[in-house]
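K.L.:
below: sequence and its predicted model.
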Amino acid sequence: MITWFFFESAQYLLLVVALWALAIVLGHAGLSRIKNSNGAFQGKGFAIAGLCIGYGWLTIGMVFIAIIAPPIGQLRLVAQQTKCINNLRQIVNASLLHAAINEETFPSTLQQLTEHIDDPNTFQLPCSKSQPGELSKVDQWSGYTFIPNRSMMDPRDTILAYCSPDCWGGKGGHIAYLGGNVSWHSAEEFYDLVAGLKGE
């Protein structure tokens, strides 16, 4: 809700700044027309006053945008990370449910989880700008890697799935464990932990 408020506020602020910029352009056009009219048009004082107000508010708007832009970017990142964590938790829960009704046999692909997860967005990285693909081909387009051959006998800290670090600029990524915990790991630690897992 807070993130939505900031995004909406930023959009309105940009609109206001654009209108003030338009007012400045029109003010200059008006001054030019008055100057070239040889006295036929009046209102030079009003045009100058409008330009002063326009430049003033435009400056204030740009300063305000410069101040709030970093927090908005941080809020977007927090929202994406929260979504990524929730997606991984759903993948873990669906895996445990699958095992519970299939004689403790874990799924070997994400596609098998679609029996319990019918929202393709769950398998889509939150930073992705493309639309999710078909659930029947989820293993081909998902930004999450699922580790096959897991067992209910495995330790709770066994890695079950992880996200592509593409969203986080190579700074690290989230890893989901069999016990349901989802943790963030820095790049070096992340790549050490997931190295060789995909081919299991």
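P.N.:
Done, it's in.
K.L.:
please identify the buried residues of stretch 178-196?
P.N.:
Neighbour counts over stretch 178-196 (16 or more other C-beta atoms under 10 Å) mark Leu178, Val182, Ser183, His185, Phe190, Val194 as buried. Yep, even glycine has a C-beta here, placed from its N, CA and C like the rest.
K.L.:
doesn't the fourth one lie inside a helix?
P.N.:
Spelled out, it's His185. No: His185 sits outside any helix when classified using DSSP: H, G, I helix; E, B strand; the rest coil, being strand.
K.L.:
need the contact list for it.
P.N.:
Contacts for His185 (C-beta atoms under 8 Å, 6 or more residues apart in numbering) come out as Gly172, Gly173, His174, Ile175, Leu193.
K.L.:
can you check the third one too?
P.N.:
Taking C-beta under 8 Å, 6+ apart as the criterion, Ser183 is in contact with His174, Ile175, Tyr177.
K.L.:
okay if I get those as a markdown table plus secondary structure and distance to Asn93?
P.N.:
Below are the contacts of Ser183 laid out as a markdown table (DSSP: H, G, I helix; E, B strand; the rest coil; distance: C-beta to C-beta, whole Å):
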| residue | secondary structure | distance to Asn93 |
| --- | --- | --- |
| His174 | strand | 15 |
| Ile175 | strand | 16 |
| Tyr177 | strand | 13 |
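K.L.:
from the residues you listed, pick the one nearest Ser108.
P.N.:
The closest of the contacts of Ser183 to Ser108 turns out to be Tyr177 (C-beta to C-beta; 17.8 Å).
K.L.:
quickly find the element holding the closest residue to the closest one other than its chain neighbours.
P.N.:
If the residues on either side of it in the chain are set aside, Tyr177 comes closest to Asp157, at 5.4 Å by C-beta to C-beta, 6 or more residues apart in numbering. Using DSSP states H and E, Asp157 sits in no helix or strand.
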